[in-house]
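Q: My questions concern the predicted model and sequence given below.
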Amino acid sequence: AKFTTHDDFDVTIIWQNIDSRSNFMMFRKESKGPIERILIDFGAVLKSGVFDQIVSVNASKHFFSVTVATEKNKEDGVMDQISMVK
């Protein structure tokens, strides 16, 4: 699918991990969106199996937030996967 990015605002993307065994706690970035493309990218991350549990997902035109639980560390592919969400 072809999506048109936003020129007038960014979409804030926030990832949070509630598992204290991991060195991955939080990551924030900005995206040109649109949220529909971000959700498709998120689906690919889910398929990777890098997260043990998805606790919550919140999405709007300007904001995308995911709370996860995983004991995997940044070096275990977590950062590689979440950086795929653009």
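A: Perfect, thanks for sending it. Residues are numbered from 1 along each chain as shown.
Q: so who does residue 24 touch?
A: 17, 70, 72-74, 78-79 (CB atoms under 8 Å, 6 or more residues apart in numbering). All C-beta atoms are positioned from the backbone trio N, CA, C, and that covers glycine.
Q: same question but for residue 84, I mixed them up
A: 41, 44-45.
Q: how much space between it and residue 43?
A: 11 Å (CB to CB, to the nearest Å).
Q: Among the contacts of residue 84, which one lies nearest to residue 64?
A: residue 41 (9.7 Å; CB to CB).
Q: And the strands in this protein?
A: For the chain, strands defined by DSSP state E occupy the ranges 11-17, 26-31, 53-59, 63-69.
Q: Dump those to TSV, plus mean pLDDT.
A: TSV is the format used below for the strands of the chain (pLDDT from 0 to 100):
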stretch	mean pLDDT
strand 11-17	97
strand 26-31	96
strand 53-59	97
strand 63-69	97
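Q: Next, format these as CSV and append distance to residue 4 and mean neighbour count.
A: What follows is these, written out as CSV (distance: least, CB to CB, whole Å; neighbours: other CB atoms under 10 Å):
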stretch, distance to residue 4, mean neighbour count
strand 11-17, 13, 19
strand 26-31, 13, 13
strand 53-59, 18, 12
strand 63-69, 17, 18
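Q: Export the ones you listed to CSV and append columns for distance to residue 37.
A: Converted to CSV, the strands of the chain look like this (distance: least, CB to CB, whole Å):
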stretch, distance to residue 37
strand 11-17, 9
strand 26-31, 8
strand 53-59, 12
strand 63-69, 11
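Q: List just the one of the ones you listed that sits closest to residue 2.
A: Across the strands of the chain, closest to residue 2 is strand 26-31 (CB to CB), at 16.3 Å.
Q: and the angle for that closest one with strand 11-17?
A: 160 degrees (axes from the mean of the first three to the mean of the last three CA atoms, to 10 degrees).
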